[in-house]
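Engineer: below is the structure, and that's it, no one-letter string:
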């Protein structure tokens, strides 16, 4: 989808072919992204290291890393990068690839959360209560217990609704056919 | 500078600006606007009393904001001529007619509030432009906190501080007067950065090393950090200097600083500036608590470089510096014959390179002078006056002002010494009166027929 | 009278946890003579997570809304930072990658939609400061918030990715707005830093630590309350503030308001109408400042 | 056999011709459909040259000059940037599709760009098919 770059093969080529991935070629490994990242200290590989690893062709390690799931999408790296690399977009692209290849890290619950989120998003609307419940049931139901004070605070003020927003049947059908078509298009590739 | 001034063949016009250039190689006419100093430099003895007595204080440009100057002042200690000027934007006498103190105290009666600017015209054969660079202002890079944290300073400010005749008498000091115990020097501030200047400023690695060396010399025991992307130390003796500074115990960290903050995490950081950087060699984010941060700022083109390029009919590169005739084979000449460039107005460079380029430019001028004749382009345009309809379309086309209109004859004329042979006029001439030699319409038409056979 | 197509997003919708954002926004809009017409039958924008699960599907989710909005006019307004980023990101990529645009177009066609001319998606704050202006806002103030110290919190996404309407790290729109209400914006160095976003769910520790820093920075600046422009930032900083306090043994009691709620107070609107009763950290101090 | 268009390339001496030269010395491959005529500056290109080329059997004409702001003659390329689009607008009146005329910028260091522009142009013209000028 992105630019195909002459001379870059394998994993680098694959990343360059994703929208937002082509920028890795011009990275000078200055580490500004890592320095700017509010979360870099907890990553298994720093953001700039991820780029270096992609360029070294370390596909499995990159896609199985925790780092790509620790991106907060705050774009601070992108704003400060002196080379115009959008590290945020790259992390998203890598996340998608990791999911597609079945390599998404199991050391973090983020991929699971993303899957549950996307399940509801694709249905047209996100019911926060059901989304949270489903996520905790799928990952670690016990974790939900310690959230009781938070949930209570929200519930008391009418901020956790049992009602779900529903699209009109026609809109729902329209959305479904668009998404079905998208799956069909993707399947052809 | 002083020996330039005393040379019998050199006329120095300081505090002056070129406003107009006409003519061509061997025959330039240059208009220069001499700004009024309000001080008669032939009478002034340079005693300095006026500066002492002047009650108006403003921020000193030369000291990069680290000191104050008066409204009547000598811009910098080595200024030539060493005569003060009155700053008309701040002098209350010139603004409101009040004060006049400097005139009263001047024993040589050199103060003259009535001076007006004058324009002089110079005829010359060649021109060398050496208009230099402007230091990049890091204020827009809010992540480094310049302007927010008083002890984040620019390279020029550090340079002034370390100078014996500077505002601190050569002492490196924090704003509260203490000496810093730790200093971080941040490379590539505004250089190698798509948001500001894409190019490498070339001199920052070396001056940053010099700063580290000076810090160790002036403040033994001071901890110095160099935060760099790449160390670029190409040049005679440069790598050796790098090694020497390494031996002095400077902490080199390979990584570009992402941020400077004063938000402390823990006791050791309290009251310090904290530089956040990825040490890319160990792949870890580091927080460096320091007293002072020096920003190694880029060398940027002068703000008015576009205007200067227009006046002298030369071009600029995409980065804003003046365009040389050929990047490898002729980095001294410009696309306009007889106009040469030297120093940082062409691209960032260090002192040895600037000296070499300046000497080369002088030699090129001397070569032209000693030959006494100039070669012109052979592929110039010429006008068939019989066919010229006098419509003046071509006049606006010529970027070199080589075409003039002969009013009595009602025809356009081309000055072949100025014409560079681009052919734009020939393409525009509605009556076909202009021929572009070696690229005539007939020649090109036949060529088109030929290649399309 | 100005009219805008309005995209509330899941969180700020009538069923969402940040419904007070939309209700206060609507009340304030009435005072400023703005009509917000909710995009009929909109769907979730997909937010960041969907892109990682189904890239093309995520673009399609966003594009369906854009296609619907395109029929109504050249602009759409949203109060949610995440929706704002997703829509602008989608517009940006559809423009930059014709191939992607082709595929998204093909999928949209299956639902009988087209997206051609493009829709500019703007944030509510942007509309307020650019289209309405500080002067017009000031003119509607009936109860000046004089003396109230407010930390202006932008969060990360509305100013960042390059299509933002203000400086990505040193924006001033909120400060100007707060000043025009008579209140005093405080120095808040972390005003554009991330609150932890959706990672509060899978990676709580990360988000709580970021929130602690934000609350500390706001408190150090002397803020009596904090205003946000994003439903997720509000929920995090408000609902999880107690958890931050427990984890880090801090004692923050920082009311977290939508900027529209603060505007409503200055406009003399009712607490109920502005949804101030929905704040988890009681906004008592803010309410007291009014009298 | 597929249609092989004839394309006339008019290149300025300082940037585009040098760029084409660089493509050659760098051993880059590009469509052999282009036939090159050199002028000193894209500002020298008269609309008559282009019409002549179409009459002489060119299926497309590609004019290349220096990037805006980088003209060796200061601003000749700006003149081309005005003239060529104007001519493009008139081409349909002669029964010639606008796409058959292209103006682009190639600097002396952009051998790769020259290759891309030539290949794109060749593909565009190939899609359009042979130029059929109306008789008379």
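Structural biologist: That came through, no problem. What you see is a predicted model, and the numbers here were worked out from it, not measured in a lab. Numbering: from 1, shown residues only, chains lettered A, B, ... in the order given.

Engineer: off-centre distance for the helix or strand of chain A with the lowest mean pLDDT?
Structural biologist: Of all regular secondary-structure elements in chain A, judged by mean pLDDT, DSSP states H and E, the least confident is helix A:141-145 with a mean of 83. Taking C-alpha atoms, centre = their mean, to the nearest Å, one finds the center of helix A:141-145 at 23 Å from the center of the full chain.

Engineer: which SSE is immediately downstream of it?
Structural biologist: From helix A:141-145 onward toward the C-terminus, using DSSP states H and E, the following helix or strand is helix A:148-156.

Engineer: quick one: contacts of that following helix?
Structural biologist: Outside helix A:148-156, the residues within contact range by C-beta atoms under 8 Å, 6 or more residues apart in numbering or on different chains are A:132, A:160, C:17, C:235, C:239, C:240, C:242, C:243, C:280. The way it works is simple: take the backbone N, C-alpha and C, and place the C-beta from them, glycine included.

Engineer: at 6 Å instead, please
Structural biologist: Taking contacts as C-beta atoms under 6 Å, 6 or more residues apart in numbering or on different chains, the residues outside helix A:148-156 that touch it are A:160, C:239, C:280.

Engineer: likewise for stretch B:349-361?
Structural biologist: B:128, B:203, B:332, B:340, B:342, B:343.

Engineer: tell me the pLDDT of the closest residue to residue B:441 other than its chain neighbours.
Structural biologist: Sequence neighbours aside, residue D:46 is the residue nearest to residue B:441 in space, at 6.6 Å (criterion: C-beta to C-beta, 6 or more residues apart in numbering or on different chains). What the model reports for residue D:46 is a pLDDT of 93.

Engineer: so what's the backbone phi/psi at residue D:46?
Structural biologist: Dihedral angles of residue D:46 (phi, psi; degrees, to the nearest 10) stand at phi -90, psi 140.

Engineer: if I look at it, how far off is residue D:2?
Structural biologist: Residue D:46 sits 33 Å away from residue D:2, taking C-beta to C-beta, to the nearest Å as the criterion.

Engineer: more neighbours: those two, which one.
Structural biologist: residue D:46 (21 against 4; other C-beta atoms under 10 Å in any protein chain shown).

Engineer: might one say that that one is in contact with residue B:427?
Structural biologist: Yes. Distance between residue D:46 and residue B:427: 4.5 Å, which falls inside the contact criterion (C-beta atoms under 6 Å).

Engineer: so what's the nearest residue in space to residue B:379 that is not next to it in sequence up against?
Structural biologist: Distances taken as C-beta to C-beta, 6+ apart place residue B:421 nearest to residue B:379, at 3.8 Å, with adjacent residues excluded. Residues in contact with residue B:421, defined by C-beta under 6 Å, 6+ apart, are B:377, B:379, B:380, D:40.

Engineer: try it again with 8 Å
Structural biologist: Residues in contact with residue B:421, defined by C-beta under 8 Å, 6+ apart, are B:377, B:378, B:379, B:380, B:381, B:436, B:437, B:438, B:439, D:40.

Engineer: what is the burial count for the fifth one?
Structural biologist: Summarising burial for residue B:381: neighbours were counted as other C-beta under 10 Å, giving 26.

Engineer: need phi/psi at it.
Structural biologist: The phi/psi pair for residue B:381 (degrees, to the nearest 10) is phi -100, psi 150.

Engineer: how close does it get to chain C?
Structural biologist: Using C-beta to the nearest C-beta, to the nearest Å, one gets 44 Å for the distance from residue B:381 to chain C.

Engineer: is it true that that residue touches residue B:436?
Structural biologist: Yes. Contact between residue B:381 and residue B:436 holds when scored by C-beta atoms under 8 Å: they sit 5.0 Å apart.

Engineer: assign a three-state SS to residue 38, would you?
Structural biologist: You didn't pick a chain, so chain A it is. Three-state secondary structure (criterion: DSSP: H, G, I helix; E, B strand; the rest coil) places residue A:38 in coil.

Engineer: should've been chain D
Structural biologist: Using three-state DSSP, the structure places residue D:38 in strand.

Engineer: from residue B:151, how far out is it?
Structural biologist: From residue D:38 across to residue B:151, the span is 59 Å (C-beta to C-beta).

Engineer: of these two, which one has the most company?
Structural biologist: The residue with the greater number of neighbours, taking residue D:38 and residue B:151 and applying other C-beta under 10 Å, is residue B:151; the counts read 21 against 15.

Engineer: give me phi/psi at that one?
Structural biologist: Per degrees, to the nearest 10, the backbone of residue B:151 is at phi -100, psi 20.

Engineer: contacting residues around it?
Structural biologist: Taking C-beta under 8 Å, 6+ apart as the contact definition, residue B:151 lies against B:174, B:175, B:180, B:273, B:291, B:292, B:293.

Engineer: tally of neighbours for the residue nearest to residue B:58 when sequence neighbours are not counted?
Structural biologist: Taking C-beta to C-beta, 6+ apart as the measure, residue B:58 lies nearest to residue B:90, with 5.1 Å between them; neighbours along the chain are not counted. Taking other C-beta under 10 Å as the neighbour definition, residue B:90 ends up with a count of 17.

Engineer: report the secondary structure state of residue C:122.
Structural biologist: Under the three-state scheme (three-state DSSP), the conformation of residue C:122 reads as strand.

Engineer: tell me the pLDDT of it.
Structural biologist: Confidence score, pLDDT, at residue C:122: 96.

Engineer: residue B:112 contacts residue B:44, correct?
Structural biologist: No. Applying C-beta under 8 Å as the test, residue B:112 and residue B:44 come out as separate, 10.3 Å apart.
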